[in-house]
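Trainee: Here is a sequence together with a model predicted from it:
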Amino acid sequence: MPDRRAHVAPSPASAPLAASLAALRRELRLPDAFPPAVEAEAAEAAARRPLPETDLTGVPFLTIDPAGSTDLDQALHLERTADGHRVRYAIADVPAFVTPAGAVDAEARRRGQTVYAPDGRIPLHPDVIGEDAASLLPDVERSAFVWDIRLGADGHATGATVSRARIRSRRQWDYAEAQAAIGDGSAPEELRLLREVGEARIACERERGGASLNAPEEEVVVRDGVYTLERRTVLPVESWNAQLSLLTGMAAAQMMLDARIGILRTMPAPDEDAFRAFRIQTVALGLPWLEGVPYGEYLRTLDADHPRAAAVLQAATALFRGAGYVAMDGEAPADPQQSAIAAPYAHVTAPLRRLVDRWGLVICEALCSGSPVPEWARASLGELPAIMGNSSRLASQVVAGALDRVEAALLSSRIGTVVDATVLAVRNGGVLVQLDDPAVSASAPRPDGVQPADRIRLTVTAADIATGRVAFEPVAG
């Protein structure tokens, strides 16, 4: 695919951008350093480095994450069986380092999740836990919740358990090198099987009617002190790897539903009006969603880099709304489904970065071992939906605010120039556009008669780095 990266020049935009991003942190009251009591308690817990009696260090686990990651939540091991596959998915044992009602616990509940900003992340836990003692780094022994899931030849789960064990990851792979090794055949079997298992689980997703937008990711990164906006298509290995997380979350949800205790990640199904409106939009865009085709299958057929498909994916965001959390203790929710996954689902695979996963892990481990659910987890279940909802809204504000400011910086030297763009959507009397260069998404006035997927030209009239505001005027003709 063509290079769609755009760079913010080191001067004069970088210094104002850094100041604007710092102001955004203050405006949103983002936490800075951890309080001394939290750091002290975390250091003490990390020094203990507890290890379970069950020893799985002989299993060659591996991790696959973005390049440079140090907060490694998951490690995997795959093997073929006589009737399918065995998936072992090890998850960082964060509960071993967090004392209920202690200083680290209280601060994690205040934060809710790790928030990622271009000028630095705001972690859920102190780094001595999140990037060291609990992280599943290679060549060191770690405590983990090890999910053991059996799959039949058709990819469907036939059984699942979770228990604590000590493990040792053999290697940390990044996505690009994992994709290359699988492609050229040099990957070890436990990695090479990821394609086979991932594709089998994607087939199961199709069968369930699950859906994903599969849109290119837009990321703000810093390279050599220069802020960079990148849009990239997700690699196949990322989708295969994501299927293991989905598989585990579905197994966890079913365990908790069977026992009527736990917390689920839910999302209501789109209503008929939403589907009807989306179908009309696909026809108008020349990529009609045919009757009888599940919407998830339709979305999978789209080439996300094509302008018309990009406009369809923008319209489809209306179908992926209303996600939240539902706690239960004694009675299952009336609608436990996560509609995009088309199954009940729970968050249990990212405890280093997401608070709620700590509860799901200890509950499922207790259910599998026949032990009582820890009282601290049971007593605080009802607090989690509000905590996670608030932290998710804050994370969204950080991402949106930072992206606006970086895009303004990218355009700050282009005021008065003409840029080419594709219309993604028509809304509120204006249009949402994707500029060709730089790769910025923005709102603009709507030229007469313009429809989604049309090509237009715009003059950049404003780009305020301090507020993230950009403005355009259509070029006549």
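Mentor: Right, received. Where do you want to start? Numbers count the residues shown, from 1 in each chain.
Trainee: What are the buried residues along stretch 229-240?
Mentor: By neighbour count with 16 or more other C-beta atoms under 10 Å, stretch 229-240 contains the buried residues 229-231, 236-238, 240. To be clear about C-beta, it is placed using only N, CA and C from the backbone, and glycine gets the same treatment.
Trainee: With stretch 432-449 instead?
Mentor: For stretch 432-449, by 16+ other C-beta under 10 Å, it's 432-435, 438-442, 444, 446-447.
Trainee: Output the residues you listed as TSV; include the columns distance to residue 182.
Mentor: Output for the buried residues of stretch 432-449, formatted as TSV (distance: C-beta to C-beta, whole Å):
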residue	distance to residue 182
432	36
433	37
434	31
435	34
438	33
439	28
440	34
441	32
442	37
444	42
446	45
447	46
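Trainee: between the residues you listed, which is closest to residue 78?
Mentor: The closest of those to residue 78 turns out to be residue 439 (C-beta to C-beta; 35.8 Å).
Trainee: Could you pull up phi and psi at the closest one?
Mentor: phi -80, psi 70 (degrees, to the nearest 10).
Trainee: I'd guessed it sits against residue 232; true?
Mentor: No - Residue 439 lies out of contact with residue 232 (C-beta atoms under 8 Å); the separation is 10.2 Å.
Trainee: how about the nearest residue to residue 455, chain neighbours excluded?
Mentor: residue 422 (6.0 Å; C-beta to C-beta, 6 or more residues apart in numbering).
Trainee: what's around residue 84, how many residues?
Mentor: 18 (other C-beta atoms under 10 Å).
Trainee: re earlier: tell me the bridge partners for the residue nearest to residue 455.
Mentor: residue 434, residue 455 (DSSP bridges).
Trainee: What is the burial count for it?
Mentor: 20.
Trainee: cool, residue 287 as well?
Mentor: For residue 287, using other C-beta under 10 Å, the count is 18.
Trainee: The stretch 101-250 of the chain: strands as residue ranges?
Mentor: 141-152, 157-174, 217-223, 226-232 (DSSP state E, counting those that start in this stretch).
Trainee: Could you do the stretch 301-450 of the chain as well?
Mentor: Using DSSP E, counting those that start in this stretch, strands in the stretch 301-450 of the chain cover 324-329, 337-338, 343-344, 418-427, 430-435, 441-445.
Trainee: out of those strands, nearest to residue 26?
Mentor: Per C-beta to C-beta, nearest to residue 26 of these: strand 441-445, 24.8 Å.
Trainee: now that closest one, how far from the chain's geometric center?
Mentor: 26 Å (C-alpha atoms, centre = their mean, to the nearest Å).
Trainee: next one: stretch 190-198
Mentor: 21 Å.
Trainee: Contacts for that stretch next, please.
Mentor: 60-62, 64, 76-80, 85, 87, 151, 155, 173, 178, 181-182, 185, 236-237, 239-241, 243-244 (C-beta atoms under 8 Å, 6 or more residues apart in numbering).
Trainee: quick check: mean pLDDT across it?
Mentor: If you average the pLDDT over stretch 190-198, you get 97.
Trainee: now stretch 78-85
Mentor: pLDDT averaged over stretch 78-85 gives 97.
Trainee: hmm, who's touching it?
Mentor: Contacts of stretch 78-85 (C-beta under 8 Å, 6+ apart): 86-88, 150-155, 158, 189-191, 193-194, 196-197, 200.
Trainee: among those, which are in helices?
Mentor: 189-191, 193-194, 196-197, 200 (DSSP state H).
Trainee: The helix or strand hosting residue 460: what's the following helix or strand?
Mentor: Using DSSP states H and E, the element containing residue 460 is strand 455-464. Scanning forward in sequence from strand 455-464 by DSSP H and E, the next helix or strand is strand 469-474.
Trainee: What strands flank that following strand, and is each parallel or antiparallel?
Mentor: According to DSSP bridges, strand 469-474 has these partners: strand 455-464 (antiparallel).
Trainee: Just the CA coordinates for the partner strand, please, in PDB.
Mentor: The C-alpha trace of strand 455-464 is given here as PDB (Å, rounded to 0.1, in the frame of the first residue of the first chain):
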ATOM      1  CA  ARG A 455     -13.600  13.700  -4.300                       C
ATOM      2  CA  ILE A 456     -13.400  17.400  -3.400                       C
ATOM      3  CA  ARG A 457     -10.700  20.100  -3.000                       C
ATOM      4  CA  LEU A 458     -10.500  22.300   0.000                       C
ATOM      5  CA  THR A 459      -8.500  25.400   1.000                       C
ATOM      6  CA  VAL A 460      -7.000  25.200   4.500                       C
ATOM      7  CA  THR A 461      -8.100  28.400   6.300                       C
ATOM      8  CA  ALA A 462      -7.200  27.800   9.900                       C
ATOM      9  CA  ALA A 463      -5.100  25.400  12.000                       C
ATOM     10  CA  ASP A 464      -4.900  26.300  15.700                       C
END
